[in-house]
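Trainee: Fold the stuff below for me.
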Amino acid sequence: MFDRLAGNERVKESLRRLLAARRVPGALLFVGEEGVGKKLFALELAKALNCRTPVAEVEACDTCSSCTRIMRSTFPDYQSESDNKEKLIWSEYADVGLLRPYNRLIRVAQMRDLEREANFRPYEGRARVFLIEDADRLNEQSSNALLKTLEEPPATSHLILITSRPASLLPTIRSRCQTIRFAPLAAAEIERYLRQQDKKLAAADAQLIAHVARGSIGRALNTDLKAYQAQRTAMLEILDALVRTKDRARLLRAAEELTDARRKDEYEPRLGVLETLVHDVWSLSLGAGAEGLANTDLGAQLARLGQGLESRRAARWLSQIEEHRRQLEVNINRKVATDALLLAMAEE
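Mentor: As a prediction, this is how the structure comes out:
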């Protein structure tokens, strides 16, 4: 049932209305920031479309064999080079499949497999449902193959495109889908959900995780608080070097915590932590109160750091970090690019 999902009450009501009217479109575009629950909502819709004993003829019962098998689905990622990356990844339920990018792209062979499968009637349920994860990763050839399916949608198949970057999709694809927009979750919603899931979680820890998740329930559930606090300590050193001194050598030494090759998997999380700290300092420079910070436990320390910092300077730092992220989409030298970013921020 949709009530088991956190947040986005308007989306729940929209989907309930479509289900009640039996007018779920053949193509849906789920749009929203990373981690706000788009994939979970897509699976909930797949359950509702295939439930054997739907509640009020609308929502999934969560107990029939169809619901339980869809709920158990994990869609494991490609494990080795021998895995067939040209095929759909199937759930435990035979009528629900998923496409995800491989090496940052969804390829035409994957889309042709989806096109073929979408033309089959359901094996055991009422509908076949296909999720396209990170749909913005479609290339030109796979986009054209998808358009072919969207132009002649099979009556018993539903495609759900999931993306945080809808502008990257072809306008012709967007126009053939009904768009459902997901909002970031309020910190209070995330905090309440975390406490419900883990009764032993301390209130202060739940509050901090909820705020640093920045509206993303997925990010909150995946946050290791001790690891986050360790990363934050290292990123505070960078922020302190940017704000308090013009010592470029100190800044680059601090940056080594970010670019350490031994912890390359931590680069994106650490960059995100730095961005969160900069955003907090920027908010304080605009006169916001400590209650609006992501790092709710560092209000006094961040206020001291932000003393005398112009809000325009902090805003430019945020823009520079965002531009740096875009540059990382291409294969540039991460250390060189990061050093250049921090030196440019220091020059502001």
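Trainee: how many neighbours does the spatially closest residue to residue 216 that is not a sequence neighbour have?
Mentor: Setting aside the residues directly before and after it, residue 216 is nearest to residue 35 in space (C-beta to C-beta, 6 or more residues apart in numbering), at 3.2 Å. (Each C-beta comes from the backbone N, C-alpha and C, glycine too.) Applying the criterion other C-beta atoms under 10 Å, we find 20 residues in the vicinity of residue 35.
Trainee: which residues in the stretch 151-300 of the chain form helices?
Mentor: With helices called from DSSP state H, counting those that start in this stretch, the stretch 151-300 of the chain shows them at 171-175, 187-197, 203-212, 217-221, 225-244, 248-259, 267-285, 299-306.
Trainee: Can you show me the CA trace of the fifth one as CSV?
Mentor: Presented in CSV, the C-alpha positions along helix 225-244 are these (Å, rounded to 0.1, in the frame of the first residue of the first chain):
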residue,chain,number,x,y,z
LEU,A,225,26.4,8.5,11.0
LYS,A,226,29.9,7.7,12.3
ALA,A,227,31.3,7.7,8.8
TYR,A,228,29.5,10.9,8.0
GLN,A,229,30.9,12.6,11.1
ALA,A,230,34.5,11.5,10.2
GLN,A,231,34.1,12.8,6.7
ARG,A,232,32.6,16.0,8.0
THR,A,233,35.7,16.6,10.3
ALA,A,234,37.9,16.4,7.2
MET,A,235,35.7,18.7,5.1
LEU,A,236,35.5,21.2,7.9
GLU,A,237,39.3,21.6,7.6
ILE,A,238,38.9,22.5,3.9
LEU,A,239,36.1,25.0,4.7
ASP,A,240,38.2,26.5,7.5
ALA,A,241,41.1,26.9,5.1
LEU,A,242,38.9,28.6,2.6
VAL,A,243,37.3,31.0,5.1
ARG,A,244,40.0,31.9,7.5
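Trainee: circling back to that earlier point, could you export the helices of the stretch 151-300 of the chain to JSON lines, including columns for distance to residue 111?
Mentor: Conversion of the helices of the stretch 151-300 of the chain to JSON lines gives the following (distance: least, C-beta to C-beta, whole Å):
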{"stretch": "helix 171-175", "distance to residue 111": "11"}
{"stretch": "helix 187-197", "distance to residue 111": "35"}
{"stretch": "helix 203-212", "distance to residue 111": "37"}
{"stretch": "helix 217-221", "distance to residue 111": "25"}
{"stretch": "helix 225-244", "distance to residue 111": "37"}
{"stretch": "helix 248-259", "distance to residue 111": "37"}
{"stretch": "helix 267-285", "distance to residue 111": "28"}
{"stretch": "helix 299-306", "distance to residue 111": "47"}
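Trainee: counting contacts, what elements does the lengthiest strand in the chain pack onto?
Mentor: Using DSSP state E to define each element, the chain has its longest strand at strand 157-163. Taking 3 or more C-beta pairs under 8 Å, 6 or more residues apart in numbering; DSSP states H and E as the contact definition, the neighbouring helices and strands of strand 157-163 are strand 27-31, helix 38-50, helix 108-118, strand 128-132, helix 140-151.
Trainee: Downstream of the longest one, the next helix or strand is which one?
Mentor: Moving toward the C-terminus from helix 38-50, the next helix or strand (DSSP states H and E) is helix 65-71.
Trainee: If you drop the residues flanking it in sequence, what lies closest to residue 239?
Mentor: If the residues on either side of it in the chain are set aside, residue 239 comes closest to residue 277, at 5.2 Å by C-beta to C-beta, 6+ apart.
Trainee: State the number of residues packed around the residue found closest to residue 188 once you drop the neighbours it is linked to in the chain.
Mentor: The shortest distance from residue 188 to any non-neighbouring residue, by C-beta to C-beta, 6+ apart, is to residue 210 (7.4 Å). By other C-beta under 10 Å, 26 other residues sit near residue 210.
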